[in-house]
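K.L.:
Sharing a sequence plus its predicted fold:
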Amino acid sequence: MPSPKAKNSSNRSGGGSPGLSGSTNGNGRYEFMSLNRTPPATLFQRQGSDQTAAARLRASESPTRRRGSGSSTSSNTGMPEEDCMRLNPSFIGIALSSLLAIDLWLSKRLGVCACEDSSWGSIRPLMKLIEISGHGIPWLVGTAYCLYKADSAAGQEIMFNLFMALILDLILVGIVKVVVRRRRPSHNHMDMFATFSVDRYSFPSGHATRSTMCARFLLAHLVLAAPLRVLVFLWSGLVGLSRVLLGRHNMTDVLFGFLMGYCQYNLVEMLWVSSLGMQGFLGLIQGSIMVRTVAVIGAGPSGLTSIKSCLEEGLEPTCFESSDDIGGLWKFKARPGTRD
Ligand SMILES: CC(C)=CCC/C(C)=C/CC/C(C)=C/COP(=O)(O)O
């Protein structure tokens, strides 16, 4: 039977050089174990309560190391090649982790309105007001109301597209949040009103995307005096800044949100729904489908005939944009219940 001394020396040879971690063996002696090597199997068998820690240690090893353990070594260091690679992570990797570390640190420092007791807690109500100004619900309700009240085709078209843009923004932000799943900063107090379940994630900031997209939309489609244009621009930036001051987001969430909102506006322009398409869409919602548009140039007999034939077919005129007495754009839809 081998003496305890002999047993210990055999363990040492299997476990490699004394290293960073240790545990007691069955005899109450302390055994050192290198983190660079897989612990000997006998160690796992003997250490009942330490098995979980050992399993964690094994799991922490990279799959490549486990696969190729001991097979390849770097010629000049004598270390496994995979270890050398880990000591030389890529430049992008270092840059990204440094950026994230700076982001977390700076965002925490800037979260000066995260609660009433914070250093700038007294302006928290003002920040929350700015938060509400960029929330989805006031924007959706306000746009729907303006769409309902708009009395010109151009006004309706703009409000309809803004409404669709807001829905698109909610969908795209929701998708990115679910994919990235970045948690909100720990110093955030989740007291926002009307949030979806995805809003427990912080990347990107939905307020930042919305404020940037809406600001671009308003600047492009409303004729505003210069001071108002500046105000719209400042409001958009302030909404983003308030997200970090309130502790809702890290800086990168907001910066990416600005970028995403900017690109979203380009998408909205690409997908722009014209007045005619909008009528069709609204007609679909109402259950009656726009089927015919007749352009009448001058009050010539051919135009009148087309209109007459539409009426005879049982189509209902819904919209007439006049260019003279009868000339212009006539739009017809099927009377509800008359189409198969
Ligand atoms: C009609 C409808 C679906 C309305 C939903 C509007 C709504 C609840 C939007 C969520 C807005 C919100 C709290 C976004 C989160 O913004 P973060 O800046 O914190 O990402």
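P.N.:
That came in fine, so what should we check first?
K.L.:
use CA for all of it now, contacts and neighbours both
P.N.:
OK.
K.L.:
quick one: which helix or strand includes Phe203?
P.N.:
Using DSSP states H and E, Phe203 is not contained in any helix or strand.
K.L.:
Not counting sequence-adjacent ones, nearest residue to it?
P.N.:
Spatial nearest neighbour of Phe203, chain neighbours left out: Asp253 (4.8 Å); criterion: Cα to Cα, 6 or more residues apart in numbering.
K.L.:
how near is the one you found to the ligand?
P.N.:
As judged by Cα to the nearest ligand atom, to the nearest Å, Asp253 and the ligand stand 8 Å apart.
K.L.:
OK, contacts around that residue?
P.N.:
Asp253 makes contact with 202-205 under the criterion Cα atoms under 8 Å, 6 or more residues apart in numbering.
K.L.:
hang on, it in a strand?
P.N.:
No. Using DSSP: H, G, I helix; E, B strand; the rest coil, the secondary structure at Asp253 is helix, not a strand.
K.L.:
so how far is Leu166 from it?
P.N.:
Here Asp253 is placed at a distance of 19 Å from Leu166 (Cα to Cα, to the nearest Å).
K.L.:
Give me every residue in this structure lying close to the ligand.
P.N.:
135-137, 194-196, 199, 202, 205-207 (Cα under 6 Å from any ligand atom).
K.L.:
farthest pair in the residues you listed?
P.N.:
Ile137 and Ser202 (18.4 Å; Cα to Cα).
K.L.:
higher neighbour count, the two?
P.N.:
Ranked by neighbour count (other Cα atoms under 10 Å), Ile137 and Ser202 place Ser202 first, with 24 against 15.
K.L.:
Just the pLDDT at that one, thanks.
P.N.:
pLDDT recorded at Ser202 is 96.
K.L.:
distance of it from Ser118?
P.N.:
Ser202 is 21 Å from Ser118, by Cα to Cα.
K.L.:
And for Ser118, the neighbour number?
P.N.:
Residues near Ser118, counting by other Cα under 10 Å: 14.
K.L.:
show me the contacts for the closest residue to it other than its chain neighbours.
P.N.:
Nearest non-adjacent residue to Ser118, counting by Cα to Cα, 6+ apart: Val112, 5.5 Å away. Residues in contact with Val112 (Cα under 8 Å, 6+ apart) are 118-121, 245-247.
K.L.:
Turn the residues you listed into TSV, including secondary structure.
P.N.:
Shown next, in TSV, are the contacts of Val112 (three-state DSSP):
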residue	secondary structure
Ser118	coil
Ser119	coil
Trp120	coil
Gly121	helix
Leu245	helix
Leu246	coil
Gly247	coil
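K.L.:
ok, of the residues you listed, which come out buried?
P.N.:
With burial judged by 16 or more other Cα atoms under 10 Å, the buried subset of the contacts of Val112 is 120-121, 245-247.
K.L.:
So what touches stretch 188-202?
P.N.:
Outside stretch 188-202, the residues touching it (Cα under 8 Å, 6+ apart) are 114-115, 174, 177-178, 181-185, 246-250, 253.
K.L.:
What is the longest helix along the chain packed up against?
P.N.:
Criterion DSSP state H: the longest helix present in the chain is helix 153-180. Helix 153-180 sits against helix 136-149, helix 206-221, helix 251-270, helix 275-286, with contacts defined as 3 or more Cα pairs under 8 Å, 6 or more residues apart in numbering; DSSP states H and E.
K.L.:
which of these is buried the deepest?
P.N.:
Burial of the helices and strands packed on helix 153-180 is given as mean neighbour count (mean count of other Cα atoms under 10 Å); helix 206-221 ranks first at a mean of 23.
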